[in-house]
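Engineer: coordinates only, sequence not included:
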């Protein structure tokens, strides 16, 4: 096995040569200290991703779930297409909801633009419990072009992989990753961070952050705020 190359101390790498108009010495010192932590965060992200990739084989899926797709019934195994890896996202748009979850919608709108690139590496399916016609109508409303959408209303996928109670009207968002080797489909990783693991004063969210909107807002002085969330529509200005 190839040994990782030794890393230089982040503090040594954080002595940026960049200078912006009007910045003070105090700003530059604080910015370089922040840059050191940004480098450490990048390294932590890399370590966590490597640990995730090194997980032991997950459980074999109980059966080949059947979903309703745009062109008719589709099984989980068929969702893989030519790939050996399938990423699924449970979209909070169950039949009890008048409108879909705005947070899910915001993220999926961004993913729709990225999907041609994502599909070069892995298969990706968006799954919700609403009837497929209702899901497709919302796709048309949002102008999504590339997301592959499926209804799980007729199977137990959401119970097994989204921790949903079939007797409840609630639904849960979440990512899951499956692999297919020699015809055997296994679950390799699932989203497990939620309200019970949230830190005080923070919204429950996974790691790494997957919503582009939060990544952008976290770069700003005001941050993501404490009482603002995406909405499905905004007033005209």
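Structural biologist: That came through, no problem. All of these numbers come straight from a predicted model, not from anything done at the bench. Numbering: from 1, shown residues only.

Engineer: going forward, measure contacts and count neighbours with C-alpha atoms only.
Structural biologist: Fine.

Engineer: all strands for the protein, in order.
Structural biologist: 66-69, 72-75, 85-90, 123-128, 149-151, 174-181, 184-190 (DSSP state E).

Engineer: just put the ones you listed in a markdown table and tack on mean pLDDT and mean neighbour count.
Structural biologist: Converted to a markdown table, the strands of the chain look like this (pLDDT from 0 to 100; neighbours: other Cα atoms under 10 Å):
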| stretch | mean pLDDT | mean neighbour count |
| --- | --- | --- |
| strand 66-69 | 98 | 21 |
| strand 72-75 | 98 | 13 |
| strand 85-90 | 98 | 22 |
| strand 123-128 | 98 | 22 |
| strand 149-151 | 98 | 26 |
| strand 174-181 | 96 | 18 |
| strand 184-190 | 97 | 18 |
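
Engineer: reformat these as JSON lines; add distance to residue 134.
Structural biologist: Output for these, formatted as JSON lines (distance: least, Cα to Cα, whole Å):
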{"stretch": "strand 66-69", "distance to residue 134": "12"}
{"stretch": "strand 72-75", "distance to residue 134": "14"}
{"stretch": "strand 85-90", "distance to residue 134": "15"}
{"stretch": "strand 123-128", "distance to residue 134": "10"}
{"stretch": "strand 149-151", "distance to residue 134": "9"}
{"stretch": "strand 174-181", "distance to residue 134": "20"}
{"stretch": "strand 184-190", "distance to residue 134": "26"}
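
Engineer: quick one: closest of these to residue 23.
Structural biologist: When the strands of the chain are compared by Cα to Cα, strand 174-181 sits nearest residue 23, at 42.1 Å.

Engineer: so what are the domain limits for the protein?
Structural biologist: 28-57, 66-190 (automatic domain parsing).

Engineer: what's the closest of those domains to residue 232?
Structural biologist: Of the domains of the chain, the one closest to residue 232 (Cα to Cα) turns out to be domain 66-190, at 5.5 Å.

Engineer: so where's this structure shaky on pLDDT?
Structural biologist: The chain contains residues with pLDDT under 70 at 1-3.
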